[in-house]
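[1] Requesting a structural model of the entry that follows:
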Amino acid sequence: MPEYKVNKEAVVMAKRRIAEGKYDRETEWSDPAPSQFSADEGNAVIEDAGYDEYGSWHLGIDTGASDDTKNRFGFPYGDFSEVNRSALIQQRASQNGHDEIVDVADELLQHLDEVSSG
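    Predicted coordinates:
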């Protein structure tokens, strides 16, 4: 099983995106696009902006994966345009014992709820 650490740059970007109002509170993460991105959309982001931008949409970094691969990143929280509220509910991270990812996702979820209710 991959070992993930928190992608601190992604957390900063998620907070910025939330502050800018770039979030979706309605779409379920399990619904089809636009809430989740396809492999082709991910490839387009990498081609246009590189792995740093692609990674900025993922809360976790697989410490055992090569730097310039999609496999390096896990736990997406948005669709390359908006933070998806339901994506911040990290059941998969919780089920697999990635407690740091769960904690940071919970913090972002609380932040989004505070910003969107204010």
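
[2] could you say what helices and strands the helix or strand of the chain with the lowest mean pLDDT packs with?
    Using mean pLDDT, DSSP states H and E, helix 91-95 stands out as the lowest-scoring helix or strand of the chain, at a mean of 86. The contact analysis (3 or more C-beta pairs under 8 Å, 6 or more residues apart in numbering; DSSP states H and E) places helix 91-95 against helix 99-117. Heads up, the C-betas are built off the backbone N, CA and C, glycines and all.

[3] Mind pulling the model confidence for residue 30?
    Note on residue 30: pLDDT of 65.

[4] repeat for residue 10
    98.

[5] helix or strand for it, which one?
    Using DSSP states H and E, residue 10 maps to helix 8-19.

[6] The least confident helix or strand of the chain: which residues count as buried?
    Neighbour-count burial for helix 91-95, counted by 16 or more other C-beta atoms under 10 Å, picks out residue 93.

[7] next one: stretch 10-27
    10-11, 13-15, 17-18, 23-24, 27.

[8] Most widely separated two among the residues you listed?
    For these, the farthest-apart pair by C-beta to C-beta is 11 and 27; their separation is 21.4 Å.

[9] Need the distance between the two termini of stretch 51-68.
    Using C-alpha to C-alpha, to the nearest Å, one end of stretch 51-68 lies 6 Å from the other.

[10] Would you mind pulling the contact partners of that stretch?
    For stretch 51-68, contacts defined as C-beta atoms under 8 Å, 6 or more residues apart in numbering pick out 2-7, 9-11, 13-14, 37, 42, 45-46, 70-80, 90, 93, 98, 101, 104-105, 108.
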